[in-house]
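# just to be clear, the model below is a prediction. Sequence and coordinates:
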Amino acid sequence: MSHDLHESLRDNVRILGDSLGRTIADDLGQSFVNKIEAIRAHAKQGRQGDSLHQRELIDYLRKLPEQDLLPVTRAFNQFLNLANIAEQHYRARFRRVEDYKPGSQPMLGELLARAEKAGNSPRTLVETLASMRVELVLTAHPTEVIRRTLIQKYDAIDDCLTAIEGSDDYPERGARAQGRLEELISQAWHTDEIRHERPTPVDEAKWGFAVIENSLWQAVPDFHRDLDNLLLETAGERLPLDAAPIRYASWMGGDRDGNPNVTAKVTREVLLLGRWMAADLYLRDLEQLKIELSMWKANSALRADVGEVAEPYRELLKRLLVRVEATREWAKAQLDGQRIDPGPIIETRDQLYAPLLTCYRSLCDVGLDTIANGALLDTLRRVAVFGVTLTKLDLRQEGSRHAQVMEELTATLGLGHYGDWNETQRQEFLLAELASQRPLIPRRWECSAETREVLDTFRVIAQEHQEALGTYIISMAAQPSDVLAVALLMKEVGGQVKLPIAPLFETLNDLDHAAEVIDQLLALPGYRALAGDRQEVMIGYSDSAKDAGQLAAAWAQYRAQESLVNVCEKHAVDLTLFHGRGGTVGRGGGPAHAAILSQPPGSVNGSLRVTEQGEMIRFKFGQPDIALRSMEIYACAVLEATLLPPPEPEPHWREEMHRLAEVAHSAYVGVVRENPDFVPYFRAVTPEGVLGRLPLGSRPTKRRQDGGVETLRAIPWIFAWTQIRLMLPAWLGSGEAFARRLEEPGGREVLREMRIQWPFFGTYLDMLEMLLAKADVAIAGYYEYRLVDEPSLKALGQKLRDRFGRLEEGVLDILQQEELLENTPLIRQAIDVRNPYIDPLHGLQAELLQRNRDADGAISADLSRALMVTMAGIAAGLRNTG
């Protein structure tokens, strides 16, 4: 690719920008548009190294009359969102979903050919794909800053771009599409971009279901169809009908860790919503099939089912339609708090799948394979992937909440105090109760409200079919007793449903001891009787990076996975690793293909769970074409990691990594935990204090309202540093580690060797390079100039910026490059295009933060809204929040 953005992308940015300019001129007059243009021109020339224009930009912004601040921030925010639409459109059209090096994302066809060349038979390829278990877990982490109503308009704008591009021979179509585009951009401009209230957990779940309805419902059968075509070419057979290499789970309405708004009642409502939405979507499919399957040829099995009728397929589909409609009515009544008897409803995947399979087999048996493998096959694929609930709902709760239940219970029953027992005593008690036939929990137990809520959650589990639910995740897990306590509660309250239980290891210390905990757990016969030969373990990326710094955390995650693989092999247990990755590098984010191939050899092995969070769901799955490519990337990466795993790291690479991580950890902790000026500096220089005003998600920004950085959730911690372009959580400590090694004899050579030959280290450096390119220490310095008075805090800020500069030098040295992103021109260009629109938002945000502090937080509603719009605009411009 050339160093210029692809021509079509540039054209679309211009089309959208011109239309926005006309809309603003109609609303506020051409003189206002001229102001916007003057600000952008100063910013653009300032970016070319012209310090005079940088000063002029700041002076211009500071002199803006108060009534202009909100419309100016809105104009730049809207342009950045439109630039994102143009880029998304380009990526969908040219099948480039992820920011990465050209040629680094293979197509499935190329990979199948490579796997075959390496000695895998066509049959092995089919079997590996058929048995693949990749679950993408949609989470409602509060990182989606854009309102749903605007997302719908932006999707419609994307459709207009498609129509305009395809109208060369039909100019009138192009004119109609252009008119619709102007209308939509005007609608967006006249819509408030900031929600007035926080979304509830149910709102978040509805947003997740909307992604399935508007995008994945189409993308999933398309993905399977493409896969079938490749396998027919390679192996002469399709994927088995019930195979679903990629499935979807959700945390929306199930993740109660630190979110008091997610109650048992909410979880029940979200499960019913999933049933209602699934029934509604399948009704549309079945109505279409009833129209299409008008054939009379049928096999004896179908005839036996429906009798001698003229249209056997329609007869069977009519019966199925009645049940699915009854299911939708039942779910709606339940949601409305009504009790009705709708007749037989669909409760399990098989009740929907079996009649469709009867139709499919009949068509094949009578020689109508072409019809069988059309729309009917698409519906069968949807049933295999989405079931009758659309997603499997995971449940997550903090380990201490289960321990609190046990403490209250043992105290009530006079058995002692669970909270005071050591780990051995806890395990003995829990294992004895797991083996006991008598119930443990008194029937009319007067317990605390917190304990009642935990028990009510397990009662919701008891009322559900197992296939509606995914995994029960225990956050802040540290001991085998954390898992046994959940197993006991499931036995006591969860009825017949036995969910997989996954401990989540998220601090540096917990990651270091993860394998030891799982080893102890799997050695307990009482636990193995429950868990069988499968174990799921979740690795936390966000909190470990916040706890230890990115480099030390990345190495701890790698080692933990290696050890867990070995422990599960020793116990002959199938391990599924669940990666709690965020959208940003500071929370384990980055291109999925590279991330999966940089995992330890043997850790993927055909199964993987990974979270897809907030705004990344929209970027990767919000439109059918992009969702299709995202699924292909996951399937490619998991297939490659399974059949062509990366090499074991050399012993001397491991030693290097250990030393680098130690130096980086010590440097990170020295600043974040041990420097008394750090927390005051963080509070003074970032918008952390006003983040709570931005109604992003249903979850509070802090675990506790008092205390320092450790009480702040990983998402707002990263959001705050991203807003001022310092991106500190993702790099602090790495510079010291690299600098020390580069100064030592042979250090440079071994770091370059690791970079080229070890995917783990190479991917880490690539992510770091991308992050350094998005950061901007001059902007961070301006925030400090406006917002920090204390000399000791200013001195700390200068030291941090100096560290950043040394890190950049070190990374370029290892990469053997003159400048950042030399080999990824698309990202470099995308950042350069956005900067003249983001820079004014930084200037305005610093100004508004200062005014807010001067007024003790009592600025006008318009200025408060302008401040929120700057946060949304900067997040949109950088394409990530937390």
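Thanks, I have the structure now.
# check contacts around V604.
577, 596, 638, 641-642, 645 (C-beta atoms under 8 Å, 6 or more residues apart in numbering). The way it works is simple: take the backbone N, C-alpha and C, and place the C-beta from them, glycine included.
# low-confidence ranges in the stretch 601-750 of the chain?
694-713 (pLDDT under 70).
# and which of the contacts of V604 is nearest P651?
Using C-beta to C-beta, P645 is the member of the contacts of V604 that sits closest to P651, with 18.2 Å.
# wasn't the closest one part of a helix?
No - looking at P645 with DSSP: H, G, I helix; E, B strand; the rest coil, it is coil, so not inside a helix.
# now the nearest residue to it once chain neighbours are set aside: phi and psi?
The spatial neighbour of P645 that comes closest, neighbours along the chain excluded (C-beta to C-beta, 6 or more residues apart in numbering), is P601 at 4.3 Å. Phi and psi for P601, reported as degrees, to the nearest 10, are phi -50, psi 140.
# before we move on, back to that, among the contacts of V604, which ones are in strands?
L577 (DSSP state E).
# quick check: phi and psi at the residue at the greatest distance from the centre of the chain.
For the chain, the largest distance from the centre (C-alpha atoms, centre = their mean) belongs to E308, which lies 51.4 Å off. With angles defined as degrees, to the nearest 10, E308 sits at phi -80, psi 80.
# can you tell me how far it is from L289?
Counting by C-beta to C-beta, to the nearest Å, the gap from E308 to L289 is 21 Å.
# need the contact list for H417.
H417 neighbours (C-beta under 8 Å, 6+ apart): 407, 410-411.
# which residues does S607 bridge with?
Residues in a beta bridge with S607, per DSSP bridges, are R133.
# give the contact list for it.
Per C-beta under 8 Å, 6+ apart, neighbours of S607: 132-134, 574, 576.
# show me which pair in those residues is furthest apart.
Among the contacts of S607, V134 and D574 lie farthest apart (C-beta to C-beta), at 14.5 Å.
# so between those two, which is more surrounded?
Taking other C-beta atoms under 10 Å, V134 and D574 do not tie; V134 has more neighbours (23 against 15).
# remind me which residues of the chain are low pLDDT?
1-6, 95-106, 141-145, 582-590, 694-713, 880-882.
# on the three-state scheme, R238 is what?
coil.
# got a list of what it touches?
Counted by C-beta under 8 Å, 6+ apart, R238 has contacts 228, 231-232, 373.
# and for A435?
G526.
# tally of neighbours for the residue nearest to P645?
Neighbours around P601, by other C-beta under 10 Å: 15.
# could you pull out the helices for the stretch 651-800 of the chain?
651-672, 678-685, 714-723, 734-743, 747-757, 759-774, 777-787, 791-815 (DSSP state H, counting those that start in this stretch).
# same deal with the stretch 351-500 of the chain?
369-371, 377-386, 399-412, 423-435, 449-462, 480-493.
# and the third one, how far out from the chain middle?
Between the mean C-alpha location of helix 399-412 and the chain-wide mean there is a distance of 32 Å, by C-alpha atoms, centre = their mean, to the nearest Å.
# what does that helix contact?
416-419, 426, 429-430, 440-442, 445, 447-448, 450-451, 454-455, 474-478, 481-482, 485-486, 489, 503.
# so among those residues, which ones count as buried?
418, 426, 429-430, 440-441, 447, 451, 454-455, 474-478, 481-482, 485-486, 489, 503 (16 or more other C-beta atoms under 10 Å).
# how about stretch 810-827: buried residues?
Neighbour counts over stretch 810-827 (16+ other C-beta under 10 Å) mark 810-812, 814-815, 820-821, 824-827 as buried.
# which residues does the spatially closest residue to Q288 that is not a sequence neighbour contact?
Once flanking residues are discounted, Q288 sits nearest to A375: 6.3 Å by C-beta to C-beta, 6+ apart. By C-beta under 8 Å, 6+ apart, A375 lies in contact with 285, 288-289, 292.
# what do you get for W189?
20, 23-24, 27, 74, 78.
# just those: which are in helices?
20, 23-24, 27, 74, 78 (DSSP state H).
# give the buried subset of those as a ChimeraX selection command.
Buried residues within these, by 16+ other C-beta under 10 Å, are selected in ChimeraX with:
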select :20,23,24,74,78
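# mind putting the ones in helices among the contacts of W189 into JSON lines with distance to T149?
Compiled in JSON lines, those are given as follows (distance: C-beta to C-beta, whole Å):
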{"residue": "L20", "distance to T149": "18"}
{"residue": "T23", "distance to T149": "17"}
{"residue": "I24", "distance to T149": "20"}
{"residue": "D27", "distance to T149": "19"}
{"residue": "R74", "distance to T149": "15"}
{"residue": "Q78", "distance to T149": "14"}
